[in-house]
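[1] Sequence first, predicted model second:
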Amino acid sequence: MKYSGMIILLVLMVFIGRMPLYAHGVKGAVREGGLVVTARYDTDEAMSYAKVRISAPGAKLAFQTGRTDRNGRFCFFPDVPGDWKVLLDDEMGHRLDVNVPVNEQLVWREKEQPGETSKSTFCRYEKALMGVCIIFGGCGVLFWWRGKKGRARLET
């Protein structure tokens, strides 16, 4: 009587141990399809390992997040038609916002999008010159203000 519970438990363990366990497994498949977004700088260098956020049409939460590969590519499979938003950010000040129209067959409506993405009207050197001018302008205003404040102090 004292060991009857232990014996029952041992018998159950032996029978259960011999039965196959039906846990879930994994399997994979490689299929064609999906959309690939490629991000490059204007120097034609790939935007490697940039953060990617994909938003489905009308959704508030992200459909998918991740990073581009070393060649600046990111692949996703849309599951509803509409305008998908892809936001790429290299976390160094460069962002690319791409609108991806997807039709009822869940493929990219290539003919409806010209293929050009966000393009700035300024080239890189114009932006650098503009930045230098802003810095010199800000310094000029700061020194003028400090000089004016110093002259007012001397006059009193």
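    Sure thing, it's come through.
[2] first vs last residue of stretch 76-84, how far apart are they?
    11 Å (Cα to Cα, to the nearest Å).
[3] same question for that stretch, mean pLDDT?
    In this model, stretch 76-84 has a mean pLDDT of 91.
[4] which of the residues in it are buried?
    Judged by neighbour count (16 or more other Cβ atoms under 10 Å), stretch 76-84 contains these buried residues: F76, P78, W84. Every C-beta, even on glycine, is put in place using the N, C-alpha and C of the backbone.
[5] Format those as JSON lines; extra columns: secondary structure and distance to I7.
    Formatted as JSON lines, the buried residues of stretch 76-84 follow (DSSP: H, G, I helix; E, B strand; the rest coil; distance: Cβ to Cβ, whole Å):
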{"residue": "F76", "secondary structure": "strand", "distance to I7": "57"}
{"residue": "P78", "secondary structure": "coil", "distance to I7": "59"}
{"residue": "W84", "secondary structure": "strand", "distance to I7": "63"}
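[6] Just give the number of residues close to the nearest residue to G72 once chain neighbours are set aside.
    Nearest non-adjacent residue to G72, counting by Cβ to Cβ, 6 or more residues apart in numbering: A46, 3.4 Å away. With neighbours defined by other Cβ atoms under 10 Å, the count for A46 comes to 16.
[7] Tell me who's in contact with A46.
    T38, A39, R40, T68, R70, N71, G72, R73 (Cβ atoms under 8 Å, 6 or more residues apart in numbering).
[8] for the residue positioned nearest the centre of the chain, what are its contacts?
    The centroid of the chain falls nearest to V52 when counting by Cα atoms, centre = their mean (1.1 Å). Listed by Cβ under 8 Å, 6+ apart, the contact set of V52 reads V37, Q64, T65, G66, R67, T68, F74, V86, L87, L88.
[9] Tell me if I'm right that the third one and K51 touch.
    Yes: counting by Cβ atoms under 8 Å, T65 does reach K51; the two are 7.4 Å apart.
[10] Tell me where this structure has helices.
    Remark: helices assigned in the chain by DSSP state H are 4-18, 124-155.
[11] Redo those helices as JSON lines? Include distance to A56.
    Shown next, in JSON lines, are these (distance: least, Cβ to Cβ, whole Å):
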{"stretch": "helix 4-18", "distance to A56": "45"}
{"stretch": "helix 124-155", "distance to A56": "33"}
